[in-house]
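A.B. asks: following is a predicted model, sequence given first.
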Amino acid sequence: MRLLKSRNFLIVSISAFCCLVYSETVATPGELIAIKLNENAQEYSSNNLIIEQGKNKYMIIPVAHDQKEIIIGKYKIKVLEKDFGESRITISNLSMVDLNNEDMERAYKESQLIRAAISTYSDNKKPSLNFLQPVDGVISSRYGKKRFINDSPRSPHLALDIAAPEGTSIIAPADAKVILTGNFFYGGNYIILDHGYGMLTSYSHLSKIVVAKGDMVKQSDLIGEVGSTGRVTGPHLHWTVYLNKVRINPESLLKENYLSSLLEAI
């Protein structure tokens, strides 16, 4: 995500801090934006990721897939419309599409475990925002696509699917703590990593998990293998990236020197 600058900027006061917001700044759904904090801003406590570069501080904010605008104080940042296209898949096992009561109850309980996990906010480490691709494969479905299953509209695809042969190694894209593992109805063998300050990543459909809850992993450490567990049409990794519980586009974090480009765009 790159911010478009105007010649004039607005100084916005928000509670205990100030920041610079350009008057024609726009954002793209599914991306991150960086807001430079004013030099005289006081330290403040917030569930936002703050990145320090030299003497400057930047607040990193996620833009949700369906967000129309970002309001900071009395000012608004426009979120552009984007056509992400669509994805249509066919699942022949209808029991994985139209759930019975038992499976519905299981799926609901698992969704609550995931909801609790992605609400995690640890402050003992900060994410690098320069990630490695977790698996060597072919992107089979990108972030944001309208999803149809057996021609029926479903929730948009807010993750990145990477197709690879069964058993292909999956690595941690950055340093993290393992905060959830399990075998889930939709996600199959499943992992959530906590990268710090509201940034988390999840990994679905694995054939094998080689880490356990509480493990600390370094960037490029093996965490599992590609599989086809859960609701799938073939072996692949379903990779989701969250910031402050908002699912963002994983591909952006794979760009070379992504953090630097994000900050330089201000």
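C.D. replies: Alright, I've got the coordinates.
A.B. asks: top helix in this structure by residue count?
C.D. replies: Criterion DSSP state H: the longest helix present in the chain is helix 101-118.
A.B. asks: for that one, buried residues please.
C.D. replies: For helix 101-118, a neighbour-count test (16 or more other C-beta atoms under 10 Å) marks 107, 110, 114, 117, 118 as buried. For the C-beta atoms, the positions are set from N, CA and C on the backbone; glycine is no exception.
A.B. asks: likewise stretch 181-188?
C.D. replies: Result for stretch 181-188 [16+ other C-beta under 10 Å]: buried residues 181, 184, 185, 186, 187, 188.
A.B. asks: out of the residues you listed, which is nearest to residue 83?
C.D. replies: residue 186 (26.2 Å; C-beta to C-beta).
A.B. asks: residue 147 is in contact with residue 156, isn't it?
C.D. replies: Yes: taking contacts as C-beta atoms under 8 Å, residue 147 lies within contact range of residue 156: 5.9 Å.
A.B. asks: residue 227 is in contact with residue 205, correct?
C.D. replies: Yes: contact criterion C-beta under 8 Å: residue 205 and residue 227 qualify, at 5.5 Å.
A.B. asks: for the chain, which spans come out with low pLDDT?
C.D. replies: Across the chain, the ranges flagged by pLDDT under 70 are 1-24, 39-46, 72-75, 265-266.
A.B. asks: and it, what are its domain boundaries?
C.D. replies: Following the assignment in automatic domain parsing, the chain carries domains at 9-82, 86-254.
A.B. asks: can you tell me which of those is most buried?
C.D. replies: Each of those was assessed for mean neighbour count using mean count of other C-beta atoms under 10 Å. The highest is domain 86-254, with a mean of 18.
A.B. asks: give me the distance from that one to the chain's centre.
C.D. replies: The chain centre lies 10 Å from the centre of domain 86-254; the measure is C-alpha atoms, centre = their mean, to the nearest Å.
A.B. asks: still on that earlier bit, redo the domains of the chain as JSON lines? Include distance to residue 264.
C.D. replies: Listed next are the domains of the chain as JSON lines, based on distance: least, C-beta to C-beta, whole Å:
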{"stretch": "domain 9-82", "distance to residue 264": "9"}
{"stretch": "domain 86-254", "distance to residue 264": "13"}
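A.B. asks: on that earlier part again, need the buried residues of helix 101-118 in JSON lines with distance to residue 56, can you?
C.D. replies: Below are the buried residues of helix 101-118 laid out as JSON lines (distance: C-beta to C-beta, whole Å):
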{"residue": "107", "distance to residue 56": "45"}
{"residue": "110", "distance to residue 56": "42"}
{"residue": "114", "distance to residue 56": "35"}
{"residue": "117", "distance to residue 56": "32"}
{"residue": "118", "distance to residue 56": "29"}
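A.B. asks: closest to residue 262 among these?
C.D. replies: The nearest one, if we look at the buried residues of helix 101-118 relative to residue 262 and count by C-beta to C-beta, is residue 118, at 22.0 Å.
A.B. asks: list the contacts of residue 257.
C.D. replies: residue 130 (C-beta atoms under 8 Å, 6 or more residues apart in numbering).
A.B. asks: over to the one 3 residues further on?
C.D. replies: In this structure, residue 260 makes contact with no residue, judged by C-beta under 8 Å, 6+ apart.
A.B. asks: can I get whichever helix or strand it is part of as PDB, trimmed to CA atoms?
C.D. replies: Taking DSSP states H and E as the definition, residue 260 sits inside helix 258-264. Below are the C-alpha coordinates for helix 258-264, written out as PDB (Å, rounded to 0.1, in the frame of the first residue of the first chain):
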ATOM      1  CA  TYR A 258       8.200  -3.700   2.500                       C
ATOM      2  CA  LEU A 259       8.500  -1.800   5.800                       C
ATOM      3  CA  SER A 260      10.900   0.800   4.300                       C
ATOM      4  CA  SER A 261       8.600   1.300   1.400                       C
ATOM      5  CA  LEU A 262       5.600   1.700   3.700                       C
ATOM      6  CA  LEU A 263       7.300   4.400   5.700                       C
ATOM      7  CA  GLU A 264       8.800   6.200   2.700                       C
END
